[in-house]
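>>> Provided below for reference: sequence and predicted model.
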Amino acid sequence: MEEKNLIIIPAYNPDFHLVQLVQELKKLGNEIIIVDDGSENKDYFKQINNDVLIITHDKNKGKGQALKTAFEYVLKECPKCIGVVTADADGQHMIQDIQNIKNTLQKNPSKFILGVRDFKQKQVPLKNKIGNYSSNILFYLKTRKKLQDTQSGLRGIPNSILKQIVSIKGERFEYEMNMLQNIVNKVEIKQVEINTIYSKKIKSNYKPITHSIQILKNMLAYKKD
């Protein structure tokens with residue numbers, strides 16, 4: 001696993017999209033870590049058990065904690081890896097975009113790579129647009145840094161900051177926003193355009209209105225360690 005980028009996918013009660021994602025990523029030679037965040041249904045994990053490393057939480061601890069679990073594993077078992085790419089399990093990230101983020105990190109090993117979606121597209125639900133725009137604006141007001149997609153889960157994270165971000169507060173969706181607030185003035189963030197996918201067939205644990213409100217409240221209260 002040395003001198004590589006590993007792909008990390010946190011998953012809670014995933015569907016067939018996870019199996020498809022893993023199969024396609026494995027065809028391209030990727031090494032993958034899945035964190036089963038206390039899922040009740042293990043069927044889809046059984047289908048990919050021989051292809052990836054699966055770390056299991058005994059109960060649901062949240063996306064943020066699932067990411068931290070994977071980061072801690074990488075720090076211990078792959079200290080010389082260039083970095084990691086985080087992707088969602090629900091089919092919202094295309095294989096080509098995940099590969100592009102991985103390759104961009106490979107070429108820019110000291111930068112934080114952020115996949116950004118285009119929320120001006122017609123297929124994006126209004127509630128998602130409102131949630132994303134609101135967090136982008138508040139992020140700018142707090143940091144004076146403009147990011148196009150602060151809620152994106154597709155990210156390339158250099159190994160040099162993994163130890164730092166493991167200690168950042170947050171266990172659920174707010175953790176990813178806390179991560180950006182913590183590193184924005186410490187590490188150069190390179191924004192890379194990715195496809196914008198929204199479909200009724202995609203099952204997601206993310207609730208645009210509820211979670212966006214929680215994220216905004218957390219942003220207002222958050223103070224860097």
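Everything's here; your move.
>>> Could you look up the SS state of Ile54?
Ile54 carries the three-state label strand when classified by DSSP: H, G, I helix; E, B strand; the rest coil.
>>> now the closest residue to it other than its chain neighbours: how far from His17?
In space, Ile54 comes closest to Ile34 once its chain neighbours are excluded; the distance is 4.8 Å by Cβ to Cβ, 6 or more residues apart in numbering. Using the backbone N, CA and C atoms, a C-beta is placed for each residue, glycine as well. When distances are taken as Cβ to Cβ, to the nearest Å, Ile34 and His17 turn out to be 13 Å apart.
>>> which residues do the two both contact?
Listed contacts common to Ile34 and His17 are Ala89; contacts here mean Cβ atoms under 8 Å, 6 or more residues apart in numbering.
>>> Can you pick out the residue with more neighbours from the two?
Per other Cβ atoms under 10 Å, whichever of Ile34 and His17 has more neighbours is Ile34, with 27 against 20.
>>> OK, contacts around the closest residue to Lys59 other than its chain neighbours?
Closest residue to Lys59 apart from its sequence neighbours, by Cβ to Cβ, 6+ apart: Gly38 at 4.3 Å. Neighbouring residues of Gly38 by Cβ under 8 Å, 6+ apart: Tyr12, Thr56, His57, Asp58, Lys59, Asn60, Lys61.
>>> what are the phi and psi angles of Gly38?
Summarising the backbone geometry of Gly38 under the convention degrees, to the nearest 10, its torsions are phi 70, psi 30.
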